[in-house]
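Participant: What would the 3D arrangement of this be:
(chains A and B)
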2 protein chains.
Amino acid sequence: MAKHYEMWEKLGLDLEKHDQFLNPVPELFTEIFIKQDNRPEGMDYYDFVVGDIHGVRVKELVAEKDKGNPVISSFCAFVPDELIIAAGGASIGLCAGAQFPIPRAELELPNDICPLIKSSVGFKLERVCPYFEVSDFVVGETTCDGKKKAWEFLNEHISTYVMELPNTKSASGHQLWQSEIERFKLEIEERSGRKITTEKLAEAIKLVNKKRSVLERLYNTRKANPAPISGRDTLLITQLAFFDDPARFIEKTEKLCEELEARIANKQGVVNSEAPRILIAGTPMPLPSWKLHSIIESNGGVVVCEETCTGTRYFESKVAENGQNLAEQLVNLSERAMNINCACFTPNEARVDDILRLANEYNVDGVIYYNLQFCQTYNMEYNKVADALKKADIPVTQIESDFSENDSGQLNTRIQAFLEML
Amino acid sequence: MAKHYEMWEKLGLDLEKHDQFLNPVPELFTEIFIKQDNRPEGMDYYDFVVGDIHGVRVKELVAEKDKGNPVISSFCAFVPDELIIAAGGASIGLCAGAQFPIPRAELELPNDICPLIKSSVGFKLERVCPYFEVSDFVVGETTCDGKKKAWEFLNEHISTYVMELPNTKSASGHQLWQSEIERFKLEIEERSGRKITTEKLAEAIKLVNKKRSVLERLYNTRKANPAPISGRDTLLITQLAFFDDPARFIEKTEKLCEELEARIANKQGVVNSEAPRILIAGTPMPLPSWKLHSIIESNGGVVVCEETCTGTRYFESKVAENGQNLAEQLVNLSERAMNINCACFTPNEARVDDILRLANEYNVDGVIYYNLQFCQTYNMEYNKVADALKKADIPVTQIESDFSENDSGQLNTRIQAFLEML
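Facilitator: You can find the predicted model right below:
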């Protein structure tokens, strides 16, 4: 793990705590990722990115800031990166998947809220995330009760702008979101002093769509049996998609896809074709949350798809590229959110259809419904999803967890039993 | 407890379970309410209503339905009763404060969601609430994650119409709520076949405002020291305000207020003037949730105000009566919600001001912040409220609870200690 103390100090990180946080990562990463058999060569790039996760990319962002370009961070697939990029800025998905800063957050927030929220707030309070420190401001959204109230608290520590996502996809709900997209555009322009033009926005829409398309291409390779890439490697790539420079990420991932497609042509898999194929459905797994994938795959299963915000919900819905002027482009941007089937919406019947479709497309043997503790919206959708899967004769089990290792033994036993049953 | 088996059977109640639910109520009610010393005479009426809680009022609603008038139920102070009344209908706040039906609900819903939601869903599943059964439909709202997803489930058992409350009070949020008010008006008209006219709506607005005003008058009497009425009696009256015929409720409560004002003139209290005066701030206490008041007052304290949905948030915000036509009246109705400082909104700074103002107006010695388990929005506002109270030198403690008696012993110890400290 490369050290960049000078830059980190300038950014205001707590160097001692930051070392405590980063030091165990290489060993963990080696154990979970590097030791895998038969990894695609193209994973080298992502291994390098993780190996310098708080270095090279942060350096790039500092350089962008020095040029006067905005750096804007967020936590949710609904936030339109395109507007940030069109203003010449960088859009970063913030750290939120580690146990390390949670005890600090629990001094300020209730224990019984989602670990993702506690983790993200904790990263700021502990000053161990350079992406937070390099951000001009962060963008929250009203996707759930916990986040909605967490932004009020976070705003006391870093400027936090909140986008109001509606609770329904009704005409009025959509109208509200459209006005929120317009308001966000003005906010970026005002804060950055940069004008968002039709041309710049058209380019940004194409770029971000291309990033989504390459992820889709990557996911499509997992439909093959045997799967040419492990679930944990794909998860890692999706997690890094939130951080990396989009153009470079597209290039590197396209190269990887070529390798994977060649593997498929040669019927070469990362596991054998008997490995139980698992779809994970539910809540997101932000970097560095690798526990569930690691347990499933070390027990002989292979994760072939994630119906999560760090999976299909991140890339399946694209922005129409036919906007001829800013007004049309903003409408197109707003429509993307209306095509994402997040449990924050009511009703959300189409999510059940998504899961059945993905289970079929990826030819899965079973579904693990993953729920971050205290995430009420996804938890409450479980029964409906489970009923539909049972009707379709697809085995399903629910796993509720957090980012700690406390439940690893118990999860291992449960997942082992589930895989044996398939 | 009067029995109305014939009517209950016709409504489809589970008679055996319903008896199990109602049978313990008289003893509990006697213990908590009837045995109080020095009660106002005017409490006779409310005692009578509780004594026949599933009888006389249900009979009235059945008669309304027989006349073709709609009976529409809801769970939240945001739902505009005025529109229901203007259509010649009755608006009922549903049962949601009992432990009894929760184990049944937990077979279908996660355990770790708010007991109010589990209770209300359980009442329907167990068929022990005649108000559910007499309702043409129920009205939910998107005030929190748990409720939002619960309506999807409840709708499988009784027609459930959902109003989308925004997450903010921004112009766009207000616009959304205004369109939801309009949509609700059309829904009532379509379902009931009744037209809502300007005249009828003006009458309904006046009537419901009058109900709110009489509750305000009742609350004002509690500002006196010694308080002329106990906290639990006032809580009971507010709880019944959700069920009772509004005109009759106004008449009876006005009469009670006269008695209480005479008491104040005579410096006559229900307790002595040394009793610690408590403000409860937080989540609602629907019928028959009396635990916290009962513990506080049996330990020598007196609850003088509730900053809850079964307290000041229910009546403080009124509807402007100056609407000259339906369009204006609907705008006025929508504005009421924007003046309620519920934790479902972000930001919600004005709630802190409300609590400081009430603590001052009611001259309280301490604040108990009451949080229903797993209610994330109110739980996450605690620290902000506590900081403001501490700055104002007002002692505060947080109590998290549910509708069971499991924690009564522990609560008793904690509350005793808090009262002794004041």
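Participant: what's near enough to touch the closest residue to A:Ile340 other than its chain neighbours?
Facilitator: In this structure, A:Ile340 finds its nearest non-sequential neighbour in A:Ser317, 5.1 Å apart by C-beta to C-beta, 6 or more residues apart in numbering or on different chains. In short, each C-beta sits where N, CA and C put it, glycine included. Going by C-beta atoms under 8 Å, 6 or more residues apart in numbering or on different chains, A:Ser317 touches A:212, A:336-337, A:339-340.
Participant: what does the stretch 51-200 of chain A have sitting close to chain B?
Facilitator: Proximity of the stretch 51-200 of chain A to chain B (C-beta under 8 Å from any C-beta of the partner chain) is limited to residues A:108-110, A:112-113, A:142, A:144-146, A:148-153, A:162, A:164-168, A:170, A:172-173, A:175-176, A:179-180, A:183.
Participant: Which of those fall in strands?
Facilitator: Under the assignment DSSP state E, those contribute A:Val162 to strands.
Participant: Quick check on the residues of the stretch 51-200 of chain A next to chain B: which are buried?
Facilitator: Buried residues within these, counting neighbours by 16 or more other C-beta atoms under 10 Å in any protein chain shown: A:108-110, A:113, A:142, A:144-146, A:148-153, A:162, A:164-168, A:170, A:172-173, A:175-176, A:179-180, A:183.
Participant: From the contacts of A:Ser317, pick the one nearest chain B.
Facilitator: A:Ala337 (14.4 Å; C-beta to the nearest C-beta).
Participant: Not counting its neighbours along the chain, what's nearest that closest one?
Facilitator: Using C-beta to C-beta, 6+ apart, the nearest residue to A:Ala337 is A:Phe78, at 5.0 Å.
Participant: Can you tell me how far the one you found is from chain B?
Facilitator: Distance from A:Phe78 to chain B, counting by C-beta to the nearest C-beta, to the nearest Å: 13 Å.
Participant: Same question for A:Ile264.
Facilitator: Per C-beta to the nearest C-beta, A:Ile264 is found 39 Å from chain B.
Participant: That residue: what secondary structure?
Facilitator: Secondary structure, DSSP: H, G, I helix; E, B strand; the rest coil: A:Ile264 is helix.
Participant: count of residues packed around A:Thr30?
Facilitator: Neighbour count for A:Thr30, taken as other C-beta atoms under 10 Å in any protein chain shown: 11.
Participant: Backbone torsions only: list them for it.
Facilitator: Phi and psi for A:Thr30, reported as degrees, to the nearest 10, are phi -60, psi -50.
Participant: what about the strands in chain A?
Facilitator: A:71-74, A:90-93, A:137-141, A:160-163, A:277-282, A:302-307, A:366-372, A:396-401.
Participant: Point out the one among these that comes closest to A:Asp37.
Facilitator: Across the strands of chain A, A:Asp37 has its closest neighbour in strand A:302-307 (12.3 Å, C-beta to C-beta).
Participant: between the closest one and strand A:366-372, what angle do the directions make?
Facilitator: In terms of direction (axes from the mean of the first three to the mean of the last three C-alpha atoms, to 10 degrees), strand A:302-307 departs from strand A:366-372 by 60 degrees.
Participant: ok, which pair from the contacts of A:Ser317 is furthest apart?
Facilitator: Within the contacts of A:Ser317, two members stand farthest from each other by C-beta to C-beta: A:Arg212 and A:Ala337, at 13.6 Å.
Participant: Tell me which of the two has more neighbours.
Facilitator: Between A:Arg212 and A:Ala337, counting by other C-beta under 10 Å, A:Ala337 is the more crowded of the two (27 against 19).
Participant: Kindly provide the distance from the residue nearest to the spatial centre of chain A to A:Cys76.
Facilitator: The C-alpha lying nearest the average C-alpha coordinate of chain A belongs to A:Thr310 (C-alpha atoms, centre = their mean; 3.2 Å). Look at A:Thr310 and A:Cys76: by C-beta to C-beta, to the nearest Å, they are 11 Å apart.
Participant: Check A:Gly269 too.
Facilitator: Taken as C-beta to C-beta, the span from A:Gly269 to A:Cys76 is 34 Å.
Participant: circling back to that earlier point, could I get the contacting residues of the residue nearest to the centre of chain A?
Facilitator: With C-beta under 8 Å, 6+ apart, A:Thr310 has these contacts: A:235, A:238-239, A:242, A:284-286.
Participant: Apply 6 Å and report the result again.
Facilitator: Residues in contact with A:Thr310 (C-beta atoms under 6 Å, 6 or more residues apart in numbering or on different chains) are A:238-239, A:284-285.
Participant: where does it fall, phi/psi-wise?
Facilitator: Note on A:Thr310: backbone dihedrals following degrees, to the nearest 10 are phi -100, psi 40.
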